[in-house]
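Trainee: sequence and predicted structure, then a few things I'm wondering about:
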Amino acid sequence: MNTGDPVRVIASGSDHRASPRQASSEAISFRFYAELNDFLPPTRRGISFLYPFEMPAAVKDLIEAAGVPHTEVDLILANGESVGFDYLVRDGDRISVYPVFESLDITPILRVRPEPLRRNRFVLDTHLGRLAAYLRLLGFDSLYRNDYADEELADIAQCERRIVLTRDRGLLKRSQVTHGYCVRATNPRQQLAEVVRRFDLAGAAHPFTRCLRCNGMLRPVPKEAVDHLLPPGTAERYREYAQCESCDQVYWPGSHHRRLRRLVDGVLQGDPAPDEDLHPE
Ligand SMILES: [Zn+2]
């Protein structure tokens with residue numbers, strides 16, 4: 001009978017350290033990271049604790065028995081090695097469990113994975129318009145309108161599985177918002193650097209592929225197709241053009257482009273963004 005409430009049964013015995021090997025039970029050492037601790041009783045948060053189990057046991061079942069929904073989990077390490085949900089634990093294993101959007105400590109492992117572990121799609125609150133444009137500049141799908149109500153924003157986050165970026169902690173407490181991040185910086189360039197660090201975005205960026213105005217995708221277009229939309233003198237100076245598939249905005253690598261390029265390179269290399277004022281619009 002595994003379906004009752006194994007958490008409560010196990011949680012009542014806090015002295016497994018003293019007797020980890022009972023007749024029919026082995027034990028692993030569990031450690032949950034970051035917001036996964038919210039699912040644990042206070043005495044188990046932020047520390048390693050012994051957790052008994054009966055063989056055979058898949059790590060997924062033990063994670064959920066400990067109280068953490070598997071949908072919250074992005075990465076599991078068994079004795080330092082990345083394993084899947086079906087990994088059968090062994091007595092004495094050290095199991096580290098990381099949440100879906102945790103970037104700390106796991107960067108080297110994320111990099112060796114063949115597939116990205118998560119989709120980095122965002123919806124930003126009404127105060128973060130510049131940050132939204134900067135994220136689009138790096139190619140990240142970032143919804144933003146200056147008139148989103150909190151309810152609407154939470155609905156979008158839930159329906160489209162987007163990460164909410166906000167400076168309003170109240171918004172993050174809404175029940176529909178399962179993945180969000182409270183941006184600490186107030187300067188938009190610093191906000192961008194913060195979000196790139198937090199979500200380990202540097203390796204996933206595709207700069208200059210997305211419309212800064214509307215979040216649409218850009219496609220290369222021949223000059224003849226857009227020259228009627230260009231300011232006087234532009235067509236003579238530039239050869240390469242791209243156009244937004246959604247709003248028809250035309251982009252070309254003008255002088256503004258070079259400043260944006262410096263911003264992109266700085267942020268992706270982990271440098272603080274240059275201290276010049278950049279208006280992506
Ligand atoms: Zn557009």
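Mentor: Yes, it's here.
Trainee: now the strands for the stretch 151-281 of the chain?
Mentor: 163-166, 180-182, 218-221, 241-244, 250-251 (DSSP state E, counting those that start in this stretch).
Trainee: oh, that last question was meant for the stretch 1-150 of the chain, not what I typed.
Mentor: Taking DSSP E, counting those that start in this stretch as the criterion, the stretch 1-150 of the chain carries its strands at 26-32, 48-53, 73-78, 81-83, 94-99, 122-124, 142-143.
Trainee: one step back: with distance to E26 added, can I get the strands of the stretch 151-281 of the chain in CSV?
Mentor: The way it works is simple: take the backbone N, C-alpha and C, and place the C-beta from them, glycine included. Shown next, in CSV, are those (distance: least, C-beta to C-beta, whole Å):
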stretch, distance to E26
strand 163-166, 37
strand 180-182, 37
strand 218-221, 55
strand 241-244, 58
strand 250-251, 60
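Trainee: so which of those is nearest the ion?
Mentor: Smallest distance to the ion across the strands of the stretch 151-281 of the chain (C-beta to the ion): 3.1 Å, for strand 241-244.
Trainee: which elements pack onto the closest one?
Mentor: strand 218-221, helix 223-226, strand 250-251 (3 or more C-beta pairs under 8 Å, 6 or more residues apart in numbering; DSSP states H and E).
Trainee: most packed of these?
Mentor: Comparing the helices and strands packed on strand 241-244 by mean neighbour count (mean count of other C-beta atoms under 10 Å), strand 250-251 ranks first with a mean of 20.
Trainee: just how off-centre is that strand within its chain?
Mentor: Strand 250-251 has its C-alpha centroid displaced from the chain centroid by 29 Å (C-alpha atoms, centre = their mean, to the nearest Å).
Trainee: listing partners with orientation, what would you give for it?
Mentor: Here strand 250-251 is paired, per DSSP bridges, with strand 241-244 (antiparallel).
Trainee: say whether the ion is contacted by the strand it pairs with.
Mentor: Yes: Strand 241-244 lies within reach of the ion by C-beta under 5 Å from the ion, at C244.
Trainee: who touches that strand?
Mentor: Strand 241-244 has contacts (C-beta atoms under 8 Å, 6 or more residues apart in numbering) with 208, 211, 213-214, 216-223, 225-226, 249-252.
Trainee: ok, 7 Å please
Mentor: Outside strand 241-244, the residues that touch it by C-beta atoms under 7 Å, 6 or more residues apart in numbering are C211, C214, G216, L218, R219, P220, V221, K223, V226, V250, Y251, W252.
Trainee: may I see the strands of the stretch 1-150 of the chain arranged in TSV, with mean neighbour count and mean pLDDT as well?
Mentor: Formatted as TSV, the strands of the stretch 1-150 of the chain follow (neighbours: other C-beta atoms under 10 Å; pLDDT from 0 to 100):
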stretch	mean neighbour count	mean pLDDT
strand 26-32	21	95
strand 48-53	20	96
strand 73-78	19	86
strand 81-83	14	86
strand 94-99	20	90
strand 122-124	26	95
strand 142-143	22	97
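Trainee: which one of these lies closest to the ion?
Mentor: Smallest distance to the ion across the strands of the stretch 1-150 of the chain (C-beta to the ion): 12.3 Å, for strand 142-143.
Trainee: and V83, how close does it get to L268?
Mentor: For V83, the distance to L268 equals 30 Å [C-beta to C-beta, to the nearest Å].
Trainee: which residue, other than its chain neighbours, is closest to R237?
Mentor: G254 (7.9 Å; C-beta to C-beta, 6 or more residues apart in numbering).
Trainee: around the residue of the stretch 51-200 of the chain found nearest the ion, how many other residues sit close by?
Mentor: At 9.1 Å from the ion, R136 is the closest residue in the stretch 51-200 of the chain, using C-beta to the ion. Neighbour count for R136, taken as other C-beta atoms under 10 Å: 26.
Trainee: and the pLDDT for L212?
Mentor: For L212, the pLDDT comes out at 94.
Trainee: ah, wrong one, I meant D38
Mentor: 83.
Trainee: got a list of what F85 touches?
Mentor: Shown in contact with F85 (C-beta under 7 Å, 6+ apart): A58, V59, K60, H70.
Trainee: quick check: phi and psi on the closest residue to the first one other than its chain neighbours?
Mentor: In space, not counting the residues next to it along the chain, A58 is nearest to D86; the distance is 5.3 Å by C-beta to C-beta, 6+ apart. D86 adopts backbone torsions of phi -90, psi 0, taken as degrees, to the nearest 10.
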